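A structural model of the following input is requested.
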Amino acid sequence: MSRAILVRQTGDAGVMQLEERELNAPGPGQLRIRQSAVGVNFVDTYQRSGLYPMPVPFVPGNEGVGLVTAIGPDVAGFTVGDRVTYQGQVGAYAEERLLSAERAIAVPDGIADETVAAMMLKGMTAYYLLFKTWPLAAGETILYHAAAGGVGLIACQWARALGARVIGTAGSAEKLALAKANGCDEVINYRTEDFAARVRELTDGRGVDVVYDGVGKDTFEKSLDCLRPRGLMVSFGNASGPVSIADLGILARKGSLYVTRPTGLHYYARRDDLLEGANALFDVVKSGKVQVDISKTYSLADAVAAHQALEGRQTTGSVVLLP
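Next comes the predicted model:
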C-alpha cells in the first residue's frame, strides 16, 4: 500500500483527500516509480476544479521525479534504480505511481530532485514558448505576465540569456523585485499601473514583438494593445479565468495581430520533441543561466494548503510536494 491524493469530485482545494491505495505491478510499456518530489502547477488546479474536465476519481499532479522500482514487459532503455522524471502526465500526487516508459525522461547528474520536480513542466513550457511558439531572437522585446511565477522566473531568465529585452508584470513590490532579479529588464505592477500604456512608453510607441500570458481573462484584451503590428499574443494559461474572443475583427483593428493558445500536449506529443525540450532545459539549468526558485515545499498530506496558496497568489517561483 502507498499513499496518494485522490479527487473523487471536482471542486475547490478541499475536495482533495489523502488515501491509501494498492498500486498494481507495471504493465506492458510501464515503469513503477517511487517518487521523491512532485511539482505543483496551475494546471493541477484547473483539473481539480473541473475547468479542464477529468474523469473522476483521479490523482492530480503533472510532474515529478523518483527512482524506478519495477519495469513492465516491452520496456527498453531503463533499469531498476534509474532516476527519472516526467511532465504532463496526470497522477503525480503520490508516493508511488505507474508511468509510461515512453514519457519517462532520464535525469542527468548534477540537478537535485527537488529542483527537477520544480522545473520540468514549467521549464518545458518555457522551452516551447521561447523556441517553438515564437522562436525568440536576440534584440526582440517581449512582455511576460506573472513574471514572478514558476514558469515566469524560468522563462524570463532564459529569454534574457537568448538576448531578448524582457518586460515583466507582477502584482506586488516583492514579486516585481524577484522578477527584476530573474531576467526582467523592466517590471510593471499590473495592479497599480496601466501596463499597456507603460509598455508603449518603454518601447517608444512601437509595442512588443510577443506577449506571453498565463493569466488569462484579466490581462488578455489589454495585452493586445501592447503588441506591434503583426505581433503574436500567446495565451497559455487561465489563472484569472478563461479567455474568449467574441469579435475576431479586433485583431485586425489592433494591427493584424496573431493569437495562439498552445499546450505542451501537442508540442511534446512525439518522444523526440519531448527529449529535445528536456535536454535543452537540463543544459540551461546546469549552465547556471537559469536558476530554479523553490518558494515553498509541502508534505504530500498538505496538498490542499499548497493549492490554496497557489490560487491565492501567495506564491512565487515553484511549489513542491514531498511524498
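
next one, pLDDT for residue 306 please.
Residue 306 is assigned a predicted lDDT (pLDDT) of 97.

equivalent analysis for the one 5 residues further on, please.
In this prediction, residue 311 carries a pLDDT score of 92.

grab the most central residue of this structure for me.
The structure's the chain has its C-alpha centroid closest to residue 122; by Cα atoms, centre = their mean the separation is 3.0 Å.

roughly how far is the helix or strand hosting it from the heart of the chain?
When elements are assigned from DSSP states H and E, residue 122 belongs to helix 113-128. From the chain centre to the centre of helix 113-128 is a distance of 7 Å (Cα atoms, centre = their mean, to the nearest Å).

can you list the strands that the longest strand out of those in the chain pairs with?
Longest strand in the chain, counting residues (DSSP state E): strand 30-40. Looking at strand 30-40 with DSSP bridges, its partner strands are strand 63-71 (antiparallel), strand 96-100 (antiparallel), strand 318-322 (antiparallel).

redo those as TSV? Include distance to residue 256.
For every residue, glycine as well, the C-beta is placed using N, CA and C. Below are the strands paired with strand 30-40 laid out as TSV (distance: least, Cβ to Cβ, whole Å):
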stretch	distance to residue 256
strand 63-71	37
strand 96-100	42
strand 318-322	37
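
let me have the ones you listed in TSV, extended by distance to residue 164 and mean neighbour count.
Converted to TSV, those look like this (distance: least, Cβ to Cβ, whole Å; neighbours: other Cβ atoms under 10 Å):
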stretch	distance to residue 164	mean neighbour count
strand 63-71	26	22
strand 96-100	35	20
strand 318-322	22	23
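
among the ones you listed, which is nearest residue 40?
Residue 40 lies closest, by Cβ to Cβ, to one member of the strands paired with strand 30-40: strand 318-322, at 4.2 Å.

list the contacts for residue 21?
Going by Cβ atoms under 8 Å, 6 or more residues apart in numbering, residue 21 touches 1-4, 6, 94.

change it to 7 Å
Residues near residue 21 by Cβ atoms under 7 Å, 6 or more residues apart in numbering: 1-2, 4.

so which of these is the most crowded?
For the contacts of residue 21, the largest number of neighbours (other Cβ atoms under 10 Å) sits with residue 4, at 24 neighbours.

what about the closest residue to that one other than its chain neighbours, how many residues nearby?
Spatially, and ignoring its direct neighbours in sequence, residue 4 is nearest to residue 94 (3.6 Å; Cβ to Cβ, 6 or more residues apart in numbering). Per other Cβ under 10 Å, the neighbour tally for residue 94 reads 28.
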